[in-house]
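>>> Provide a 3D model corresponding to the input given below.
(one chain, ligands or ions: 1)
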Amino acid sequence: MKERYIASIDQGTTGTRFMVFNKKGEEISSAYEEHEQIYPKPGWVEHNPLEIWENTKRVIRKAIEKKDLDPKKIEGIGVTNQRETTLLWDPQTGKPLCNALVWQCTRTRDICQALIDRGLDELVKKQTGLLVNTYFSAPKIKWILDNIPTAREKVERGKAIFGNMDTWLIWKLTGGVNGGKHVTDYTNASRTMLMNLKRLEWDNEILEELNIPRELLPSLRPSSDKSIYGYTKKDGPLGAEIPICGDLGDQQAALFGQNCCQPGEAKNTYGTGCFVLLNTGAKLFISKSGLLTTVAYSLEEGKATYALEGSIAVTGAAIQWLRDNLGLIKEASETEEIAGSVPDSGGVYFVPAFSGLFAPYWDMYARGAIVGLTRFIRKEHLVRATLESICYQTRDVAEAMIADSGVELKSLKVDGGAAKNNFLMQLQADILGVPCIRPAFIETTALGATYCAGLAIGFWENLEELRKSWKIERVFEPKWDKDKREKEYKGWKKAIGCTKNWVDR
Ligand code: ADP
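Predicted coordinates for the structure are as follows:
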């Protein structure tokens with residue numbers, strides 16, 4: 001039988017990965033490369049888009065050479081990317097106007113504060129499902145237009161276009177200056193703060209309010225595109241014409257790669273921070289509880305499945321802090337054994353609000369605290385309290401999701417680096433009161449983009465086929481009774497209260 005493959009590019013915050021899969025959804029080959037994190041000033045974060053493009057070409061070639069694959073057997077390519085990260089470049093020369101402004105970059109704080117002062121936050125929430133925040137693309141576009149000399153003039157002359165990393169890479173792969181396609185999908189667009197979430201179109205009212213010209217925006221497509229975004233070039237890194245037909249933001253890709261395609265299904269990715277997404281189906285819930293409303297995925301033009309999202313800033317990063325700043329552990333994985341060596345955290349709570357609190361509190365003025373200390377407390381208790389903080393923050397977001405949507409959470413699918421920690425996953429099930437399901441294949445982001453590409457070209461028939469091929473590695477069932485769960489959570493809420501509004505305004 002002729003072997004057939006499908007592949008994806010996963011352009012993340014830390015690095016870029018290319019993965020090739022077979023029809024069973026099994027990994028055939030992959031390659032990964034990190035890129036430089038550029039910090040020109042405190043709070044500023046940039047990436048060099050030309051370095052990312054070079055890395056993308058290299059990982060594609062490496063993955064193909066490693067297993068001596070015939071690129072012509074790759075039937076389609078999906079792209080997934082760090083969301084919100086913003087780039088403007090000249091489509092005639094391919095030259096970026098400046099480095100890409102990364103989602104974590106806070107240089108747009110004044111722009112955002114000015115929008116809030118003008119009372120635009122209500123409009124933004126209603127039309128885009130987001131909060132006015134430095135996190136999203138629109139303030140970053142505005143910063144480039146207002147601060148890079150001649151940027152606005154370049155836009156007027158058709159010499160500057162905008163894209164997130166998906167758009168940049170698709171443009172490059174489909175020919176770049178020689179007719180590259182300028183496209184994005186609804187999930188990425190839903191993080192720009194410029195897309196009307198209901199209509200799935202760029203929102204003229206917001207564009208006008210922010211003084212962002214429509215000409216620089218890419219065209220909007222579904223995440224799985226039967227009519228194909230474009231084809232790779234024979235003289236490109238694949239050496240063949242292959243359809244690019246899947247595109248979605250990394251957290252949405254993880255949701256899709258976790259097969260969370262029914263309303264009420266949710267996933268949590270445990271990395272530096274945590275990102276919880278709950279599929280709410282065709283229904284769009286504008287949050288009253290501090291969550292973001294976003295497009296989960298789209299398999300058809302003009303239609304979308306929506307999600308509620310809770311972004312938590314510090315989870316795995318708190319473990320890094322134990323390691324790097326306190327020297328309590330040597331490796332993150334040690335926390336599993338250390339936390340398990342004590343029966344509880346001895347009444348200690350650790351709220352790692354190092355840079356304020358994200359969802360559902362959104363308190364820029366909160367700062368971290370360790371409360372409930374007594375002489376009895378040892379390192380093991382602190383380590384355990386750190387793992388607990390990851391689970392309690394996830395519960396905060398889950399509670400907000402239930403309050404907003406009325407959708408009952410039946411289970412939580414888990415992925416990301418820290419999801420390997422069995423103790424953490426059991427604790428999560430206990431604190432949340434629902435089973436935590438860990439899949440056999442943990443690279444869910446790449447898998448989600450691959451699924452979208454495969455569905456577009458009929459490599460896979462439908463969602464049902466994907467659901468059947470998706471395998472569970474382990475289920476963590478909750479063991480705590482309701483009384484214990486609520487008592488412990490009450491303590492956490494009290495601890496959160498100690499951290500709020502800490503910094504003087
Ligand atoms: P990102 O994609 O955000 O870079 P990863 O998914 O690679 O993150 O996960 C890395 C994070 O997970 C780090 O913050 C690290 O502290 C944490 N981590 C990794 N392994 C473990 C483990 N076994 N137990 C607890 N935390 C872990």
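>>> quick one, phi psi at the residue nearest the centre of the chain?
Here the mean C-alpha position of the chain is nearest to the C-alpha of Gln251 (CA atoms, centre = their mean), at a distance of 3.3 Å. With angles defined as degrees, to the nearest 10, Gln251 sits at phi -70, psi -40.
>>> Show me the shaky parts of the stretch 351-500 of the chain.
Judged against pLDDT under 70, the stretch 351-500 of the chain has no low-scoring part.
>>> Phi first, then psi, for the residue of it found nearest the ligand.
For the stretch 351-500 of the chain and the ligand, the shortest gap (CB to the nearest ligand atom) falls at Gly417, measuring 2.2 Å. Heads up, the C-betas are built off the backbone N, CA and C, glycines and all. Gly417 adopts backbone torsions of phi -50, psi -40, taken as degrees, to the nearest 10.
>>> Quick one: residues contacting the residue lying closest to it once chain neighbours are set aside.
What sits nearest to Gly417 in space, not counting adjacent residues and going by CB to CB, 6 or more residues apart in numbering, is Gly271, at 5.6 Å. Each residue near Gly271 by CB atoms under 8 Å, 6 or more residues apart in numbering is listed here: Thr315, Gly316, Gly416, Gly417, Ala418.
>>> cool, and Pro243?
So, once contact is read as CB under 8 Å, 6+ apart, Pro243 ends up touching Glu75, Gly76, Ile77, Ile228, Tyr229, Gly230, Tyr231, Ala453, Ala456, Ile457.
>>> for the ligand, what are the nearby residues on this protein?
By CB under 6 Å from any ligand atom, the residues of the chain that approach the ligand are 14, 271-272, 316-317, 319-320, 332-333, 335, 416-418, 420-421, 424.
>>> Which of the residues you listed sits closest to Asn133?
Nearest to Asn133 among these, counting by CB to CB, is Thr272 at 17.8 Å.
>>> and the closest one, how many neighbours?
For Thr272, the count of nearby residues is 20 (other CB atoms under 10 Å).
>>> Can you classify it by secondary structure?
Of the three states, Thr272 takes coil under DSSP: H, G, I helix; E, B strand; the rest coil.
>>> bridging residues for the closest residue to Tyr32 other than its chain neighbours?
Residue nearest to Tyr32 in three dimensions, not counting chain neighbours: Arg17, with 4.4 Å by CB to CB, 6+ apart. Arg17 has these beta-bridge partners by DSSP bridges: Asp10, Tyr32.
>>> Check the gap between Arg17 and the ligand for me.
Going from Arg17 to the ligand by CB to the nearest ligand atom, to the nearest Å gives 11 Å.
>>> Could you pull up the residues touching that residue?
Listed by CB under 8 Å, 6+ apart, the contact set of Arg17 reads Ile9, Asp10, Ser30, Ala31, Tyr32, Val59, Glu443, Ala446.
>>> residues contacting the third one?
Meaning Ser30. Arg17, Phe18, Met19, Val20, Ala63, Glu443, Ala446.
>>> Could you tell me the phi and psi values at it?
According to degrees, to the nearest 10, Ser30 has phi -160, psi 160.
>>> tell me the contacts of the residue nearest to the centre of the chain?
Per CB under 8 Å, 6+ apart, neighbours of Gln251: Arg83, Thr269, Phe275, Leu277, Glu309, Thr445.
>>> Now secondary structure too, for those, in JSON lines please.
JSON lines is the format used below for these (three-state DSSP):
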{"residue": "Arg83", "secondary structure": "coil"}
{"residue": "Thr269", "secondary structure": "strand"}
{"residue": "Phe275", "secondary structure": "strand"}
{"residue": "Leu277", "secondary structure": "strand"}
{"residue": "Glu309", "secondary structure": "strand"}
{"residue": "Thr445", "secondary structure": "helix"}
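>>> Which of these sits closest to Cys436?
Nearest to Cys436, judged by CB to CB, of the contacts of Gln251 is Thr269 at 12.6 Å.
>>> thought that closest one was touching Gly417?
No. Contact status for Thr269 versus Gly417: not in contact, 9.0 Å apart, counting by CB atoms under 8 Å.
>>> of those two, who's got more company?
The residue with more neighbours, out of Thr269 and Gly417, is Thr269; 26 against 15, by other CB under 10 Å.
>>> who's that one bridged to?
Beta-bridge pairing of Thr269 under DSSP bridges involves Phe275, Asp415.
>>> how would you label Leu87: helix, strand or coil?
Per three-state DSSP, Leu87 ends up strand.
>>> and the gap between the residue in the chain sticking out farthest from the centre and His381?
Each residue of the chain has a distance to the centre, and by CA atoms, centre = their mean the biggest one is for Arg375: 40.6 Å. Look at Arg375 and His381: by CB to CB, to the nearest Å, they are 12 Å apart.
>>> Next: Ala282.
With distances taken as CB to CB, Ala282 is found 46 Å from His381.
>>> do the same with Met401
Counting by CB to CB - Met401 and His381 are separated by 30 Å.
>>> Show me which of these two is the more surrounded one.
Each of Met401 and His381 has its neighbours counted (other CB under 10 Å); Met401 has more, 29 against 23.
>>> Isn't that one up against Arg395?
No. Met401 is beyond contact range of Arg395, at 10.4 Å (criterion: CB under 8 Å).
>>> List the contacts of Phe107.
Actually, residue 107 is Arg rather than Phe. Here Arg107 is in contact with Lys41, Gly43, Trp44, Leu101, Thr134, Trp143 (CB under 8 Å, 6+ apart).
>>> Which of these ranks first by neighbour count?
Leu101 (25 neighbours).
>>> Excluding sequence neighbours, find me the nearest residue to whatever residue of the stretch 51-200 of the chain ends up closest to the ligand.
Residue nearest to the ligand within the stretch 51-200 of the chain (CB to the nearest ligand atom): Gln82, separated by 9.6 Å. Leaving aside its sequence neighbours, Gln82 sits nearest to Thr13 (CB to CB, 6+ apart; 4.4 Å).
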